[in-house]
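K.L.:
next one to model:
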Amino acid sequence: MDQQTEETLAALQAQLAVQQMALRALVRSHPDPTAVLAAWRESRADAVAASYALPPGARHSRWVAELMEAFAEHWTAELVDHAVASTPGGGTPA
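P.N.:
Residues are numbered from 1 along each chain as shown. You can find the predicted model right below:
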């Protein structure tokens with residue numbers, strides 16, 4: 001891997017880490033974690049629907065799509081955990 005590629009990869013990793021910290025801070029400070037989870041699920045559904053509307057040449061590669069899905073599943077699990085922990089009695093959020 002050349003130096004420019006390594007620097008680009010490092011910059012993307014740093015950007016991702018900062019975005020994850022920002023999202024966690026927003027989620028932790030939101031007064032209704034269940035609403036955040038619902039909005040997240042709606043956004044994911046919208047993203048899936050939008051990806052099918054794109055012409056085949058404009059779609060992400062299968063590999064990128066799989067990575068996006070893995071990251072999205074990770075965030076969903078984290079939001080569910082936060083919503084459940086914030087629900088009185090630790091019940092299952094709506």
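K.L.:
quick one: the strands in this structure?
P.N.:
Secondary structure of the chain, counting by DSSP state E: no strands present.
K.L.:
mark out where each domain of it begins and ends.
P.N.:
1-30, 31-94 (automatic domain parsing).
K.L.:
show me where pLDDT drops low in the chain?
P.N.:
Within the chain, the stretches with pLDDT under 70 are 53-60, 90-94.
K.L.:
for the domains of the chain, which one ends up most surrounded?
P.N.:
domain 31-94 (a mean of 12; mean count of other Cβ atoms under 10 Å). No exception for glycine: its C-beta is placed from N, CA and C like everyone else's.
K.L.:
can you pull the contacts of the residue nearest the centre of the chain?
P.N.:
Nearest residue to the geometric centre of the chain (Cα atoms, centre = their mean): residue 72, 4.1 Å. Neighbouring residues of residue 72 by Cβ atoms under 8 Å, 6 or more residues apart in numbering: residue 44.
K.L.:
gap between it and residue 43?
P.N.:
Distance, residue 72 to residue 43, by Cβ to Cβ, to the nearest Å: 9 Å.
K.L.:
also residue 24?
P.N.:
In terms of Cβ to Cβ, residue 24 sits 17 Å off from residue 43.
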